[in-house]
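K.L.:
I'll drop the sequence and a predicted model, then ask my questions.
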Amino acid sequence: KQEVTQIPAALSVPEGENLVLNCSFTDSAIYNLQWFRQDPGKGLTSLLLIQSSQREQTSGRLNASLDKSSGRSTLYIAASQPGDSATYLCAVSGRNAGNMLTFGGGTRLMVKP
Amino acid sequence: GAGVSQSPSNKVTEKGKDVELRCDPISGHTALYWYRQRLGQGLEFLIYFQGNSAPDKSGLPSDRFSAERTGESVSTLTIQRTQQEDSAVYLCASSFIAGNSYEQYFGPGTRLTVT
């Protein structure tokens, strides 16, 4: 059974810092890996999707990498801003018919002005 | 609208009552998923629909939970005889199954509170 772990569980940084969020998964036979952002009381916003054949994806100040063989992904946030404060979720889809997502527990990020 | 919508946004019900939650996927998305997020826990997969195929119900926690989808449109998740442990945010997602992407787009969720 796939298990996804995110470290750290919570992170507080001053504005402007570059930071790295970590995600690990136990079964490397994944199809995709997605990073999401969740604001309090809101749904999930998809940030980046990395297909299993890819090594990284970039969007603005965000860069996500994937090392499938070691079961790890990192989300790099450059020049963090208070508006980046949210919970960041990592999820993987297995090679099953539905590509259902298995989620990590999330990293709760606070960026202080 | 362009995104996934869900209704109601909040639902408070008494233990033992039945509830129905609704999801409108993005137009053209053939796949639809239900997940739930209980307080302090991660998101759990519940059920998956793809076109006219039989749904994958492997994540449903008990036979009190059921879901339907009409074609490639609206889905309803029904919880019968609700229990307090059913309190959670229920999230719906849809995706377009093509190529190698399968990116899932989530709705805002329905917060269910069972008293």
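P.N.:
Yep, that arrived.
K.L.:
Give me every residue in chain B lying close to chain A.
P.N.:
B:4, B:6, B:31, B:33, B:35, B:41-45, B:48, B:50, B:56, B:59, B:91, B:93, B:95, B:97, B:100-109, B:111 (Cβ under 8 Å from any Cβ of the partner chain). From N, CA and C alone the C-beta is placed, and that goes for glycine too.
K.L.:
Can you tell me which of those are buried?
P.N.:
B:4, B:6, B:31, B:33, B:35, B:42-45, B:48, B:50, B:56, B:59, B:91, B:93, B:95, B:102, B:104-109, B:111 (16 or more other Cβ atoms under 10 Å in any protein chain shown).
K.L.:
so of those residues, which ones are in helices?
P.N.:
Among those, no member falls in helices (DSSP state H).
K.L.:
Show me the shaky parts of chain B.
P.N.:
Within chain B, the stretches with pLDDT under 70 are B:1, B:98-101.
K.L.:
Could I get the contacting residues of residue A:41?
P.N.:
Residue A:41 makes contacts with residue B:111, as judged by Cβ atoms under 8 Å, 6 or more residues apart in numbering or on different chains.
K.L.:
try residue B:36
P.N.:
B:43-44, B:46, B:88-91.
K.L.:
Spatially nearest residue to residue A:3, not counting backbone neighbours?
P.N.:
Excluding its sequence neighbours, the residue lying closest to residue A:3 (Cβ to Cβ, 6 or more residues apart in numbering or on different chains) is residue A:26, at 4.6 Å.
K.L.:
For the one you found, give its distance to chain B.
P.N.:
Using Cβ to the nearest Cβ, to the nearest Å, residue A:26 is found at 14 Å from chain B.
K.L.:
my guess is that residue contacts residue A:71, does it?
P.N.:
Yes: between residue A:26 and residue A:71 a contact is recorded at 6.3 Å, counting by Cβ atoms under 8 Å.
K.L.:
Those two: which is more packed in?
P.N.:
Neighbour comparison, residue A:26 and residue A:71: the larger count goes to residue A:71, with 19 against 12 (by other Cβ atoms under 10 Å in any protein chain shown).
K.L.:
shouldn't the more buried one be in contact with residue A:29?
P.N.:
No: applying Cβ under 8 Å as the test, residue A:71 and residue A:29 come out as separate, 10.2 Å apart.
K.L.:
Spell out which parts of chain A neighbour chain B.
P.N.:
A:31-32, A:34, A:36, A:41-46, A:49, A:51, A:53, A:89, A:91, A:93, A:97-106.
K.L.:
how about stretch B:67-74 as CSV, C-alpha atoms only?
P.N.:
Coordinates of each C-alpha in stretch B:67-74 appear next as CSV, following Å, rounded to 0.1, in the frame of the first residue of the first chain:
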residue,chain,number,x,y,z
ALA,B,67,-22.5,7.6,-5.0
GLU,B,68,-24.0,8.1,-8.4
ARG,B,69,-23.0,9.9,-11.5
THR,B,70,-25.2,10.5,-14.5
GLY,B,71,-23.0,10.1,-17.7
GLU,B,72,-20.2,12.5,-17.5
SER,B,73,-22.0,15.2,-15.5
VAL,B,74,-23.2,15.7,-12.0
